[in-house]
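Undergrad: Please work out how this folds:
(2 chains)
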Amino acid sequence: MNGPWQKLVGLVLAVALVAAAASGLWRLNRPFPDYDQWFVAQISDGAMVIDARGSLSYSRGHIPGAPRLWSRDFLSYSAALPGILKTSEEISAILSAIGLAPDQEVVVYDQGTGADAPLVALVLTSMGVSVRVLDGGFDAWLAAGGTPSKDPVAPAAAVSPGDWAIEQTTLVSTEIVQGAQSNEAIVLADARGEIDFAIGHLEMAVSVSAGQMAPSGALPRWSEAAWVVDPVGVLAETSVMVYGTDLAEAARTWLSLRAYGIDNVTVFAGPFQVLATAGLPMEVPVAGAPVRASSVCFGAPVAGPR
Amino acid sequence: MGGFELTSGIAVGLAFGYALQRGRFCVNTGFRDILMVKDSTMFRAWALAVIVQMAGVTILSGLDLMPITVPPFWWAANIAGGLMFGVGMVLAGGCSSGTCYRVGEGMAGSLVALVGFGLGILLADRGALQPLQDVLRSNIVFVDGDQATLANVIGINPLWVGLAIPLAVGIWLWRGGVGNRQYASGGWAWHISGFALGAIGIAAWLSSSSVGREFGLSMTGPIRTWFVLALSGENYLDWGSVMIAGLIVGSFVAAWTHRELRWRVPRGSRILQAGGGGIVMGVGAQIAGGCNIGHSMTGMSVLSLGSVVTTTSILLGAWMMAYILFIRPMAAQSA
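TA: The predicted structure is shown next:
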């Protein structure tokens, strides 16, 4: 027969076990620390709603009152430089044309895939606008009972382009990326897929792929994001510089990192191709090098790439 | 390593070690006794632990509350490694978890077996037997490009399979009666230890996954981590590593509080056999990608084909060695 103190030991262990399980369940399913700062579940009063989708999707139905601002309108395309961000002056003109003022709060949405809204959120943030993304996008809004409108919205210009006198710090140039390669204080994050990363990436870069940080446009489980960013040395106070196959992909990683609670995240204002052709030092990992630090019981543990 | 990773790993390990010691839970005993003394008591405890964990994990992942990882199905490695592990654990006198909890009880033979187990793991993971491991693991099987699980083979929702199996096995266990067979005076009955270990397995999945290690209880990887740290200085300590430390302490606490803590040193030949068995067991566990815990409890709970094959191979290896080591000599003696 067990004595009272033997029962006490058993009880303490049982309580510790239940606490570990319950807190594990909570941690697994908790939202990102800064989720509320970057996402909204519903359209709030007072915020200007912007539709970031293409013209066809917009014409089929959009949230009433939302002007269209396609994410690709911010980019200029040419054979030599595909998908380069337009100048601040050009962006100011675009924003003024849809009736946006610098002090306005914005909620932006896309279909729910993350293809457009993160890029618009990135550019607006870089211009000093307070912006949040509608979680789940247009599809979630429809599913929640929203009644779409097919009427085009043509708002009057609220301010002139000259009023957007913003010092650009979020979006960076090729030269700044090159400088980051020799700056130990900055983590250079490659937002492309893991296969692209394995084929070749910028020297000193680590893989923080948009596919893992924002699969199908939605945020992953908190622990899965931690599994991506923790092994590569990204902490809340770390300075991170992101680049991607294109700016939209980099924007997805940027938004996820911001919602994850990392405040200092900058983004290269163009596609990876520009960096690759500019002669920045590249690194080609050893063929077959593992990309995840898995050591559960199946195989050898592997260090992160940096 | 974060604070939660450390504390939750230790908490689960303490409870795991405590339950193993109180239940005298050892898969070697469970598998061997079916053949040798026609007694399935410990086997039933193992079966109950598996189905409790299977039902819990199925519900949690079915509700999308927890991600899961399915051990890979490298059939050659699963069969060869499982057979070796089964042979090794009979020689060593305990499976990986049984060996660890007996270390906490003060059994010197188990300590030697544990050292052998760690060295065997390193031998296959990064030593002379690494080429053998690589060859055996070279053929990974997927089911229609997806993970090799029982549910994917049958082609139905894992939720149904993961609940139907526990129901069927639960009915079998229920019809067999609870009984009150204990392996030592004062130890838990099989149904108590089976249920407790299943619940600990679920807690392990939750707390371990929440720190990015999407798996439940395991022994091979965590023990490998400690030996790599000790021998090469490479530090990959994680949730699993601290869980193992907690296991041994938990077993120590259980033995100590129940006055079962005793330093016991077997004779020299037995120590040699334990060490040799430990090495064979470690090589087998490393090649198979897991042992009687990683495969036979945690992997089974996610319906992994690799775990089913490994567990079957462990059973066959254990029976084969038990026949050679115990049954045949006894038959020869009585004849």
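
Undergrad: Could you pull up phi and psi at the residue of the stretch 51-200 of chain A at minimum distance from chain B?
TA: Nearest to chain B, among the residues of the stretch 51-200 of chain A, is residue A:136, at 15.2 Å (Cβ to the nearest Cβ). To be clear about C-beta, it is placed using only N, CA and C from the backbone, and glycine gets the same treatment. The phi and psi values for residue A:136, taken as degrees, to the nearest 10, are phi 90, psi -10.

Undergrad: which non-adjacent residue is nearest it?
TA: Spatial nearest neighbour of residue A:136, chain neighbours left out: residue A:112 (5.1 Å); criterion: Cβ to Cβ, 6 or more residues apart in numbering or on different chains.

Undergrad: for residue A:28, same thing?
TA: That would be residue B:210: by Cβ to Cβ, 6+ apart, it lies 4.6 Å from residue A:28.

Undergrad: Against residue A:47, how distant is the residue nearest to residue A:136?
TA: 18 Å (Cβ to Cβ, to the nearest Å).

Undergrad: okay, those two: which has more neighbours?
TA: Between residue A:112 and residue A:47, counted using other Cβ atoms under 10 Å in any protein chain shown, residue A:112 has the larger neighbour count: 20 against 17.

Undergrad: So which residue is dead centre in the chain?
TA: I went with chain A, as the question did not name one. residue A:255 (2.4 Å; Cα atoms, centre = their mean).

Undergrad: meant chain B, my bad for not saying
TA: residue B:293 (2.1 Å).

Undergrad: Make sure that residue is actually in contact with residue B:100.
TA: No: look at residue B:293 against residue B:100 with Cβ atoms under 8 Å: they stay out of range, at 9.5 Å.

Undergrad: shared neighbours, these two?
TA: Common contacts of residue B:293 and residue B:100 (Cβ atoms under 8 Å, 6 or more residues apart in numbering or on different chains): residue B:219.

Undergrad: Below-threshold pLDDT in the stretch 1-150 of chain A: ranges please.
TA: A:1-2, A:80-81 (pLDDT under 70).

Undergrad: Could you rerun that using 50?
TA: Across the stretch 1-150 of chain A, the ranges flagged by pLDDT under 50 are A:1.

Undergrad: which residues in it form strands?
TA: For the stretch 1-150 of chain A, the strands defined by DSSP state E, counting those that start in this stretch occupy A:39-40, A:48-51, A:75-76, A:84-85, A:105-109, A:130-134.

Undergrad: just these: most buried one?
TA: Mean neighbour count (mean count of other Cβ atoms under 10 Å in any protein chain shown) peaks for strand A:48-51 among those, with a mean of 24.

Undergrad: Pull the residues that contact that one.
TA: Outside strand A:48-51, the residues that touch it by Cβ under 8 Å, 6+ apart are A:43, A:58, A:62-63, A:65-69, A:98-100, A:104-110, A:120, A:134, A:138.

Undergrad: Swap in 10 Å and give it another go.
TA: By Cβ atoms under 10 Å, 6 or more residues apart in numbering or on different chains, the list of residues contacting strand A:48-51 from outside reads A:43, A:57-58, A:61-70, A:95, A:98-101, A:104-111, A:116-117, A:120-121, A:124, A:129, A:131, A:134, A:137-138, A:141, A:153, A:155, A:158.

Undergrad: Would you show me how to pick out the buried ones of those in ChimeraX?
TA: Restricted to buried positions by 16 or more other Cβ atoms under 10 Å in any protein chain shown, the ChimeraX selection for the contacts of strand A:48-51 reads:
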select /A:43,57,58,61,62,63,66,67,68,69,70,95,98,99,100,104,106,107,108,109,110,111,116,117,120,121,124,129,131,134,137,138,141,153,158
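
Undergrad: Narrow the contacts of strand A:48-51 to those in helices?
TA: Judged by DSSP state H, helices contain the following of the contacts of strand A:48-51: A:57, A:58, A:95, A:117, A:120, A:121, A:124, A:137, A:138, A:141.

Undergrad: going on from the strand or helix carrying residue B:165, what's the next piece of helix or strand?
TA: Element membership of residue B:165, judged by DSSP states H and E, is helix B:158-175. Toward the C-terminal end, the helix or strand that comes next after helix B:158-175 (DSSP H and E) is helix B:190-209.
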